[in-house]
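Participant: All I have is the shape, not the residue letters:
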């Protein structure tokens, strides 16, 4: 019988903390689970608590959005622990993929290693990363949650000047030019529901990469509007490839975005790591607990 650990971050859930704890207890008791709930008041507490679980084989649950899942999975890689999640963030894009395609049970899934970090969902560079990294919108509690990403899109679209000069190396090829954005996907969704990579699978051993050359504002607008329903797949400005490894470099440091978290650097090595993480998925449990 597995032991479940629920990580409840009060600094994220705020006034919803008590209700989340109530739901976790109620549904876990109905399932007959052996569990514990750990409430973290601060990010520092949340970071320190994982030192307790280096030699365990528990199912440890991230309660939050893609960033919370990313931080937890980076602590779990290399241990015997298993990841679970309750979507309670702004985007919840990784959860969308799982809810669409995953069957109940414990699964081995792939990760993208980005330098010394791991990604389960999407890594992006360019205007997409600028939008995702802008806390002015993404974590603004005065903007309805479903509108935060779109608010960021509008702001950065209006203020966008030109793409970032990047060198991209893959499969023996090199491209050096300005790119509006580059997206490397292990999962299907990003940006609060944009269906960026509908063919992505969490266990196929490859990443789907989208290279978008430098575009005018009008073409960027058309591209963004089409991405909600994967219309960008037919856009001649988008180059699509499947690969296991890609290198992206720039002359000056900038911030990429990995599962909703900023990642600064000038040199990014992306490599698929098949079966790097075990995940426990229970659709009914998630649907009953999520808020």
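Facilitator: Ah, there it is. Note that this is a predicted model, so its numbers are computed, not measured.
Participant: Phi and psi next, for residue 25.
Facilitator: phi -70, psi -50 (degrees, to the nearest 10).
Participant: what about the nearest residue to it once chain neighbours are set aside, helix or strand, and which?
Facilitator: Excluding its sequence neighbours, the residue lying closest to residue 25 (C-beta to C-beta, 6 or more residues apart in numbering) is residue 37, at 7.3 Å. Using the backbone N, CA and C atoms, a C-beta is placed for each residue, glycine as well. Using DSSP states H and E, residue 37 maps to strand 34-40.
Participant: Do you have the helices of the stretch 51-200 of the chain handy? List them.
Facilitator: For the stretch 51-200 of the chain, the helices defined by DSSP state H, counting those that start in this stretch occupy 66-76, 93-101, 127-132, 135-138, 148-159.
Participant: Okay, strands next: where are they in the stretch 51-200 of the chain?
Facilitator: 59-64, 82-87, 105-114, 117-119, 122-126, 164-170, 173-185 (DSSP state E, counting those that start in this stretch).
Participant: And the last one, what does it pack against?
Facilitator: Right, strand 173-185. strand 122-126, helix 127-132, strand 164-170, strand 207-213 (3 or more C-beta pairs under 8 Å, 6 or more residues apart in numbering; DSSP states H and E).
Participant: Next one: the residue nearest in space to the middle of the chain from residue 219, what distance?
Facilitator: For the chain, the residue nearest the mean C-alpha position is residue 259 (2.6 Å; C-alpha atoms, centre = their mean). From residue 259 across to residue 219, the span is 27 Å (C-beta to C-beta, to the nearest Å).
Participant: before we move on, what about residue 249?
Facilitator: According to C-beta to C-beta, residue 249 stands 25 Å off from residue 219.
Participant: swap in residue 58?
Facilitator: Counting by C-beta to C-beta - residue 58 and residue 219 are separated by 49 Å.
Participant: ok, back up a step: and the strand holding residue 37, which strands flank it?
Facilitator: Strand 34-40 pairs in its sheet with strand 3-9 (parallel), by DSSP bridges.
Participant: elements contacting the helix or strand just after the strand it pairs with?
Facilitator: Downstream of strand 3-9, the first helix or strand assigned by DSSP H and E is helix 10-13. The helices and strands touching helix 10-13, judged by 3+ C-beta pairs under 8 Å, 6+ apart, are strand 34-40, strand 59-64.
Participant: buried stuff in the first one?
Facilitator: If I follow you right, that is strand 34-40. 35, 37, 38, 39, 40 (16 or more other C-beta atoms under 10 Å).
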